[in-house]
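[1] Attaching a predicted model along with its sequence, questions to come.
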Amino acid sequence: MMRLYELNEMSRQAFHDRLNRHYQRQQEEQHLLQLIRQIREDHPKMSARMMYLKLHPQTMGRDRFEVFCFENGFKVQCKRNYRRTTNSNGVIRFDNLIQGLELTGVNQVWVSDITYYELGNEFCYLTFFMDLFSRLIVGYSASQDLRTENTTIPAFKMACKVRGANCLIDLIIHSDGGGQYYSREFIKITKKVKHSMSDSVYENPHAERINGIIKNDYLYPYNPKDFPELVKMLKRAVNNYNNSKPHGSLKKLSPVEFEKSIIEKSTNQDFVNKRKKEAKKEKLTQHYIY
């Protein structure tokens with residue numbers, strides 16, 4: 001065994017720690033394969049990323065989990081999308097306007113997506129609008145169907161109410177290619193904003209992630225029994241997420257705390273700039289007197 005440790009250039013403890021991690025990973029992989037097969041039986045088109053959000057594997061990250069699914073034959077075959085303004089059926093497509101975009105504040109980009117929630121034997125639908133800069137959910141809705149008037153429209157109206165009348169100036173709404181985002185009704189109420197669309201979920205990852213967080217971290221544990229209770233629990237989930245969930249990308253602050261810190265920083269900077277101008281003016285005045 002000592003020769004084995006020497007060949008691997010590690011101590012006995014380090015070698016056995018590595019071996020234990022490898023064993024734990026093998027055990028989890030075998031268990032995951034069983035779970036993935038069960039999920040795919042019920043949800044043949046569920047993506048590897050969504051399954052990762054549902055399963056929360058302990059020994060692998062999201063990217064490794066996706067590779068693991070693909071290597072074991074669980075890749076969903078999707079038709080390739082080609083960028084175009086309209087297709088032969090008159091479906092509107094918007095260019096991806098946020099790729100490579102550097103954000104400097106709130107109300108520059110709202111990302112949105114619609115996801116399903118299993119309630120007993122039925123599917124309900126959740127729609128979210130999230131400010132990409134602060135990760136704050138600014139609007140949401142729950143519905144029992146996928147009609148635009150019950151999904152994107154009420155969620156967008158809530159977002160406008162939360163953000164105020166001037167929130168639409170230079171705003172980009174980024175979504176997938178769902179019909180609820182290019183329907184006449186939605187385009188009519190969003191004519192002041194710029195529309196952006198992704199060709200795949202990989203171009204709208206933050207919206208996909210918020211779907212998983214609200215469902216897996218809040219709604220499934222809350223376990224609503226019917227649609228009215230789902231609506232109530234969704235409000236509770238969004239409130240807890242916005243006010244209490246820390247984000248690594250937000251300096252471990254919740255979205256609400258992060259936005260407050262931005263306002264305070266801006267206010268303090270305005271005060272400092274004002275005092276500098278006053279001091280400069282006072283200095284010039286004294287110089288003129290003397």
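    Perfect, thanks for sending it.
[2] okay, CA-based contacts and neighbour counts for the rest of this
    Will do.
[3] The stretch 1-150 of the chain: strands as residue ranges?
    109-119, 122-131, 137-143 (DSSP state E, counting those that start in this stretch).
[4] sec struct for the residue nearest the centre of the chain, please.
    Nearest to the mean C-alpha position of the chain, by CA atoms, centre = their mean, lies residue 206 at 2.7 Å. On the three-state scheme (DSSP: H, G, I helix; E, B strand; the rest coil), residue 206 is labelled helix.
[5] Relative to residue 223, how far out is it?
    24 Å (CA to CA, to the nearest Å).
[6] circling back to that earlier point, adding distance to residue 103, mean neighbour count and mean pLDDT as columns, could you present the strands of the stretch 1-150 of the chain in a markdown table?
    Shown next, in a markdown table, are the strands of the stretch 1-150 of the chain (distance: least, CA to CA, whole Å; neighbours: other CA atoms under 10 Å; pLDDT from 0 to 100):
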| stretch | distance to residue 103 | mean neighbour count | mean pLDDT |
| --- | --- | --- | --- |
| strand 109-119 | 8 | 22 | 91 |
| strand 122-131 | 11 | 21 | 91 |
| strand 137-143 | 17 | 23 | 97 |
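[7] Residue 265 is nearest to which of these?
    With CA to CA as the measure, strand 122-131 is the member of the strands of the stretch 1-150 of the chain nearest residue 265 (19.0 Å).
[8] Tell me where this structure is predicted with low confidence.
    1-28, 30-31, 34, 38, 42, 54, 77-92, 200-202, 267-290 (pLDDT under 70).
[9] domains for it, by residue range?
    2-71, 109-245 (automatic domain parsing).
[10] most tightly surrounded among the ones you listed?
    domain 109-245 (a mean of 18; mean count of other CA atoms under 10 Å).
[11] what's the span of it, first residue to last?
    Span of domain 109-245 from end to end, CA to CA: 21 Å.
[12] What helix or strand is residue 228 located in?
    Using DSSP states H and E, residue 228 falls within helix 227-244.
[13] contact partners of that helix?
    119, 124, 136-137, 142, 144, 214, 218-219, 222, 224, 254-257 (CA atoms under 8 Å, 6 or more residues apart in numbering).
[14] quick one on the thing from earlier: now the strands of the stretch 1-150 of the chain as CSV including distance to residue 61?
    Listed next are those as CSV, based on distance: least, CA to CA, whole Å:
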stretch, distance to residue 61
strand 109-119, 22
strand 122-131, 24
strand 137-143, 25
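[15] Look at the spatially closest residue to residue 251 that is not a sequence neighbour and give its secondary structure.
    In this structure, residue 251 finds its nearest non-sequential neighbour in residue 258, 8.0 Å apart by CA to CA, 6 or more residues apart in numbering. Three-state assignment for residue 258 (three-state DSSP): helix.
[16] who's in contact with residue 258?
    134, 250-251.
[17] Tabulate the domains of the chain in CSV, adding columns for distance to residue 101.
    Listed next are the domains of the chain as CSV, based on distance: least, CA to CA, whole Å:
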stretch, distance to residue 101
domain 2-71, 23
domain 109-245, 10
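[18] Residue 132 contacts residue 104, doesn't it?
    No. Counting by CA atoms under 8 Å, residue 132 does not reach residue 104; the two are 10.5 Å apart.
[19] before we move on, back to that, quick one: the helix holding residue 228 to strand 109-119, angle?
    140 degrees (axes from the mean of the first three to the mean of the last three CA atoms, to 10 degrees).
[20] can you give me the angle helix 227-244 makes with strand 122-131?
    30 degrees.
[21] any idea how far residue 197 lies from residue 111?
    When residue 197 is compared with residue 111 (using CA to CA), they lie 10 Å apart.
[22] Need the overlap of contacts for those two.
    Contacts common to residue 197 and residue 111, judged by CA under 8 Å, 6+ apart, are 174-175.
[23] How about the contacts made by residue 195?
    Contacts of residue 195 (CA under 8 Å, 6+ apart): 94-95, 97, 172-174.
[24] and the contacts of residue 258 as JSON lines, adding distance to residue 48?
    Listed next are the contacts of residue 258 as JSON lines, based on distance: CA to CA, whole Å:
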{"residue": "134", "distance to residue 48": "27"}
{"residue": "250", "distance to residue 48": "26"}
{"residue": "251", "distance to residue 48": "29"}
